[in-house]
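**Q** From the sequence below, what's the structure:
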Amino acid sequence: MSTPNHAIQLYRRCLRSIKLIRDYNQRATFFEYTRDGFRRRRHLHPDSREAHIAYQDALEQVKSMEYYQDMQATKLMEDKNKLPPNYFSKDTTSTDTSSIQTTPVSGKTQVVQWLLSQLPHMCKEDASEYAAQLHDLGFDSVAFIEEELIDDDLSFMKTAHRRVLMRQLSEIRAEKDSE
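**A** Next up is the predicted model:
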């Protein structure tokens with residue numbers, strides 16, 4: 001079972017992971033969520049079943065955050081690799097782009113990354129499963145999902161995930177309409 005020391009280590013790991021989130025609002029949300037979650041469970045006896053379940057849940061959440069951050073870092077590196085090799089150096093006189101290396105990202109991977117960005121608390125297994133389901137339904141790009149996806153297409157999703165995703169899509173569509 002988890003000891004108080006393990007819980008403190010996990011809390012610190014969560015905070016370190018939260019510090020890496022670039023967006024201020026998202027970082028603040030994660031911080032509040034994490035702090036409140038640990039405070040609500042601080043009274044649990046370390047050997048209790050509830051404490052073990054809470055520890056496993058928190059561990060899954062931090063792994064999900066770390067996975068999301070890895071995906072973001074990978075995306076940044078892929079974007080960086082699409083630039084000319086000397087783009088970040090001071091000498092920018094050369095404009096030879098013949099050696100640009102691109103790493104193709106599959107539509108399913110892009111959908112997984114997008115799902116995790118829209119539902120940051122979702123575990124990567126759910127995101128992968130949802131991306132596969134969406135791909136099977138013909139939604140193989142983020143742009144197509146943002147334009148055409150409706151609630152009926154998401155019957156395979158967990159109810160809470162479906163609700164949050166549809167709310168996010170409504171906001172995305174409203175933002176696009178206002179432009």
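**Q** Which secondary structure state does the residue sitting nearest the centre point of the chain sit in?
**A** By C-alpha atoms, centre = their mean, the mean C-alpha position of the chain lies nearest to L116, the distance being 3.2 Å. In three-state terms, and counting by DSSP: H, G, I helix; E, B strand; the rest coil, L116 is helix.
**Q** Wait, it touches Y67, no?
**A** Yes. Judged on C-beta atoms under 8 Å, L116 makes contact with Y67 at a distance of 7.3 Å. Yep, even glycine has a C-beta here, placed from its N, CA and C like the rest.
**Q** can you map out the helices along the protein?
**A** 4-19, 24-40, 49-81, 107-118, 124-136, 142-148, 159-178 (DSSP state H).
**Q** Point out the most buried one among those helices.
**A** Of the helices of the chain, the one with the most neighbours on average (mean count of other C-beta atoms under 10 Å) is helix 107-118, at a mean of 20.
**Q** CA atoms of that one as CSV?
**A** Only the C-alpha atoms of helix 107-118 are listed here, as CSV (Å, rounded to 0.1, in the frame of the first residue of the first chain):
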residue,chain,number,x,y,z
GLY,A,107,-3.9,11.1,-38.6
LYS,A,108,-4.7,8.8,-35.7
THR,A,109,-1.7,10.2,-33.7
GLN,A,110,-2.8,13.7,-34.4
VAL,A,111,-6.3,12.8,-33.2
VAL,A,112,-4.9,11.3,-30.0
GLN,A,113,-2.9,14.4,-29.3
TRP,A,114,-5.9,16.6,-30.0
LEU,A,115,-8.1,14.5,-27.7
LEU,A,116,-5.5,14.8,-24.9
SER,A,117,-5.3,18.6,-25.4
GLN,A,118,-9.1,18.9,-25.2
